[in-house]
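J.: Pasting the sequence and the predicted model now:
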Amino acid sequence: MYKTLIIAISFSIGTAWGETERFSDVIHSTYQQYEAKKYQTNWHRELWHDYNRCTEQSTKQQFSAMELKSLGMKEEFIDQMMIEYIKKSETIYVIFFFPPISHDKTRALNWLSQYGTIVYTKDLYLKDRGVKNLLRGIYDVHHCNGWQRTYDGIYERFEHLLIPNQLNTISVIVVEGPELMEIIDCKRKIRADHNKDNRIIHMTDRHHEAVHCAELVFNQNSINFIKYVKPKNFGPFVDYTMMLQQYLRNSPEFHDLYCVDTGGAMAAYGIRRPGDYDLILEKGITSPFRGWGHNNVTREKYGSHPDDILHNPREHVYHKGLRFVKIENVLQFKKHKLSPKDQADIVLINQFLADCAANSY
């Protein structure tokens, strides 16, 4: 028996375009951007090939996310394009529906459809640790100094809604159309249908919050991270992370030009305390922080081209609004260097991966 948590990402475009036109346009522009910048990755070509495979028999020029899903386009491509689509929208709200709506979510979905158009859906399946990490991710983004928030008690507030030690189904629903006050009104009506229990629904207010939540649930590495990581607030990691978060708020164009590497990535995964904070940067970009390392990335060292690590969603993970090299690539790097420190890190990473495998679902 499953209980269901529904995530609804709702947004208003503020233009004359419809979602059907815009979603295809995001795919087109992403492919063209990667080609123009000559990124050494095949991910965008796989995206373009899959898009054309699904649409070649149609005379239509534009397709919605749900149409592409019904035509058999791979979920990983639709998911990533949904992140990009949300980035380009000005007014976005992320709504979380918790059980008991799962017992009869028809009325709640009807309320949403009265205020906007449901444009995408996705299901996740999380056990206790995954739900805890998802809640941490949701609440972490609501304030600038996220590390000062205590997470004690957050899971307990929702615990009575979930089945412990079993899978809880999470349905992700993207809704387009309503303005902020309209979606707040919709939220009140949904709560009224369920005895005004505020914990059954949660909603973000700001654009960066919606992008953050989309990155949590529309990237497979991020989903795996949520499932298995046991986060620890290592002191230096907290400080470095807050510095980078602040920089990104002032320089959002840097968001897609870096990945946090090695020690910082291991700290994000809760594996060990970082000695420093290294970055992988796009060619021609300098580190915004004096003393932060910049690793010389080669395919031999990492098992992936630097363009893949930066621009292929399969090669990085989102955490606290930042991008980190996925732990498998860090392991490859450590195996290439094989210093005494790296050998110790290899043992720790392998222990982490073994724990993930033992608890896999």
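T.: Sure thing, it's come through.
J.: Okay, and the closest residue to residue 121 other than its chain neighbours sits in which element?
T.: Leaving out its chain neighbours, the residue that sits closest to residue 121 by C-beta to C-beta, 6 or more residues apart in numbering is residue 173, at 5.1 Å. C-beta here means a position set from N, CA and C on the backbone, and glycine is covered the same way. Following DSSP states H and E, one finds residue 173 within strand 168-176.
J.: likewise residue 260?
T.: strand 258-261.
J.: How about residue 242?
T.: Using DSSP H and E, residue 242 falls in helix 235-250.
J.: list the helices and strands that helix packs on?
T.: helix 262-268, strand 322-325 (3 or more C-beta pairs under 8 Å, 6 or more residues apart in numbering; DSSP states H and E).
J.: of all these, which lies closest to residue 352?
T.: helix 262-268 (8.7 Å; C-beta to C-beta).
J.: Closest to the centroid, which residue in this structure?
T.: residue 215 (1.9 Å; C-alpha atoms, centre = their mean).
J.: does the residue lying closest to that residue once chain neighbours are set aside count as helix, strand or coil?
T.: Closest residue to residue 215 apart from its sequence neighbours, by C-beta to C-beta, 6+ apart: residue 318 at 3.8 Å. Secondary structure for residue 318, judged by DSSP: H, G, I helix; E, B strand; the rest coil, is strand.
J.: For residue 318, give me its contacts.
T.: 212, 215-216, 219, 221-222, 225, 324 (C-beta atoms under 8 Å, 6 or more residues apart in numbering).
J.: domains in the protein, as residue ranges please.
T.: Following automatic domain parsing, one gets these domains for the chain: 3-218, 235-358.
J.: lowest-confidence stretch among those domains?
T.: Sorting the domains of the chain by mean pLDDT places domain 3-218 lowest, at a mean of 83.
J.: for that domain, the distance to its chain's centre please.
T.: Here domain 3-218 is found 10 Å from its chain centre; the criterion is C-alpha atoms, centre = their mean, to the nearest Å.
J.: again, but for stretch 208-225
T.: 1 Å.
J.: Pull up the distance across that stretch, start to finish.
T.: 20 Å (C-alpha to C-alpha, to the nearest Å).
J.: which residues are in contact with that stretch?
T.: Contacts of stretch 208-225 (C-beta under 8 Å, 6+ apart): 7, 9, 11, 76, 79-80, 82-83, 86-87, 92-94, 122, 124, 133-134, 137-138, 141-142, 170, 172, 204, 226, 249, 269, 313-319, 321, 326, 356.
J.: separation between residue 68 and residue 359?
T.: Between residue 68 and residue 359 the computed distance is 33 Å (C-beta to C-beta, to the nearest Å).
J.: whoops, I mixed them up, residue 62
T.: 42 Å.
J.: Repeat that for residue 256.
T.: Residue 256 is 32 Å from residue 359, by C-beta to C-beta.
J.: ditto for residue 58
T.: Distance of residue 58 to residue 359, given as C-beta to C-beta: 43 Å.
J.: close enough to count as contact, the residue nearest to residue 121 and residue 123?
T.: No - assessed by C-beta atoms under 8 Å, residue 173 is found out of contact with residue 123, at 10.0 Å.
J.: what about those two, which has more around it?
T.: With neighbours defined as other C-beta atoms under 10 Å, residue 173 and residue 123 compare such that residue 173 has more, 21 against 11.
J.: More neighbours: which of residue 68 and residue 359?
T.: More crowded of residue 68 and residue 359, by other C-beta under 10 Å: residue 68, with 23 against 11.
J.: Residue 123: what secondary structure?
T.: Look at residue 123: counting by three-state DSSP, its state is strand.
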